[in-house]
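[1] Whatever this is, show me its structure:
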Amino acid sequence: MSPALPRPTRRRALQGSVALAVVCGLLLWWLLPAGETTPTGRLTFSTGVKTGVYQRYGELLKGALARDLPGVSIELRTSEGSQENLARVASGEADFTIATADAVAKYQQEGSPGAGRLRGCARLYDDYVQLVVAQGSLARTPGDLRGLRVGVGQDGSGVRIIAERVLSAAGLDPAEDITPVSAGIDTMPGLLERGELDAFFWSGGLPTGALQELAGRTAVRLIPLDEDLIDRVHNAGEATRYYRSAVVPADAYPLIMGGSVQVETLAVTNLLVTTADADPELTESLTRAVIDSRDRIGGEVHPAQLVDLRTAIYTDPLELHDGARRYYRSAKP
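    Residues are numbered from 1 along each chain as shown. Below you'll find the predicted structure:
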């Protein structure tokens, strides 16, 4: 049997063991911060039409998330636009999406299924309404579209909401006074170019690639939406308060606007949307990735450059998701 160590020696040995344990614990805490885990699993992100800004933004965001959230598998699903996106998320067909604030307000006001479950993650960038006609068209105002064939967006799009409100504010019945054509930005430019449309509405970030390409093939111009018209749009109801007067700047489409003339229009904010049931940790990580990837995505999708941490938290009319709120608190300077 080994002789017992003297009491002072045992005390020093015990103190040394405790000190070693503390050092090891601090080292582990430094290497593996408490609570910091990487989310895993699958998520579905509902985007938009194939040649629209939502789809391109989704593609680039998927690449950014693959770097920031390597344990999460992401599926992109094209859609007709904001209205279909909201229905998908509210029903559980998709986990995250992008939708305009006016489309969200409409969805809520109509009491659509799952409206109460919707939550916001970030305010992203503004969409600008662009009413496009051939350069030689006699139409100078929305009211001049009477009797013409007009692309009004697909049934599930935010474009459709805005087109009908603008036409109504211009004194036209969208169902009777024009020939409405249900089509998206993936087909409307070609229809106009071939003479199968006289005009079309588009609401998207600036610039939209499909319009840039159209202008490179044929001469087109934008019809202004002036402040008087926007005031009449605002009179249509509560959801229209999310529209604001704006201009399409002269350098947005040099081939359309000659680089020197800006066009009055209206703009509406896009929101990153999920539901109250979304995992807080995943939502926090995805919101962080959206903000952190702004410059990378903005290099290819110009509107993404406008995502701003200072304003991203304002997701009205949606309540902010708890996971997103946790991110914004951690991101405070």
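[2] for stretch 92-107, the distance to its chain's centre please.
    Centre-to-centre, stretch 92-107 and its host chain are 9 Å apart (C-alpha atoms, centre = their mean, to the nearest Å).
[3] Please identify the buried residues of the helix or strand hosting residue 210?
    Assigned by DSSP states H and E, residue 210 belongs to helix 209-217. For helix 209-217, the neighbour count (16 or more other C-beta atoms under 10 Å) marks 209-211, 214-215 as buried. The C-beta positions use only the backbone N, C-alpha and C, and glycine is treated the same way.
[4] Format those residues as TSV; extra columns: distance to residue 278.
    Compiled in TSV, these are given as follows (distance: C-beta to C-beta, whole Å):
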residue	distance to residue 278
209	30
210	31
211	34
214	37
215	40
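[5] And those residues, which two are furthest apart?
    Greatest spacing in the buried residues of helix 209-217, by C-beta to C-beta: 209 and 215 (10.8 Å).
[6] Poorly predicted segments of the stretch 201-333 of the chain, please.
    258-260, 302, 304, 333 (pLDDT under 70).
[7] any idea whether the residue nearest to residue 128 when sequence neighbours are not counted is helix, strand or coil?
    Among residues not flanking residue 128 along the chain, residue 267 sits closest, at 5.1 Å (C-beta to C-beta, 6 or more residues apart in numbering). At residue 267 the chain is in strand, as set by DSSP: H, G, I helix; E, B strand; the rest coil.
[8] ok, residue 311 touching residue 124?
    No - Residue 311 lies out of contact with residue 124 (C-beta atoms under 8 Å); the separation is 9.8 Å.
[9] more crowded one of the two?
    residue 124 (24 against 12; other C-beta atoms under 10 Å).
[10] CA atoms only for the helix or strand encompassing the more buried one - export them in CSV, please.
    In this assignment (DSSP H and E), residue 124 forms part of strand 118-134. Extracted C-alpha coordinates of strand 118-134, given in CSV (Å, rounded to 0.1, in the frame of the first residue of the first chain):
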residue,chain,number,x,y,z
LEU,A,118,-47.2,34.4,-41.3
ARG,A,119,-44.2,36.2,-39.8
GLY,A,120,-41.5,38.5,-41.3
CYS,A,121,-37.8,37.9,-41.2
ALA,A,122,-36.5,41.0,-43.1
ARG,A,123,-37.4,44.0,-45.2
LEU,A,124,-35.5,43.4,-48.4
TYR,A,125,-35.7,45.9,-51.3
ASP,A,126,-38.4,47.8,-53.2
ASP,A,127,-40.3,46.7,-56.3
TYR,A,128,-41.0,49.5,-58.9
VAL,A,129,-44.1,49.3,-61.1
GLN,A,130,-43.1,49.5,-64.8
LEU,A,131,-45.8,49.9,-67.4
VAL,A,132,-44.2,49.1,-70.7
VAL,A,133,-45.4,49.9,-74.3
ALA,A,134,-43.8,50.0,-77.7
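[11] for the helix or strand following that strand, the distance to its chain's centre please.
    With elements assigned by DSSP H and E, the helix or strand that comes after strand 118-134 is strand 149-151. Computed by C-alpha atoms, centre = their mean, the separation of strand 149-151 from the middle of its chain amounts to 26 Å.
[12] cool, stretch 257-268 as well?
    Distance, stretch centre to chain centre, for stretch 257-268: 21 Å (C-alpha atoms, centre = their mean).
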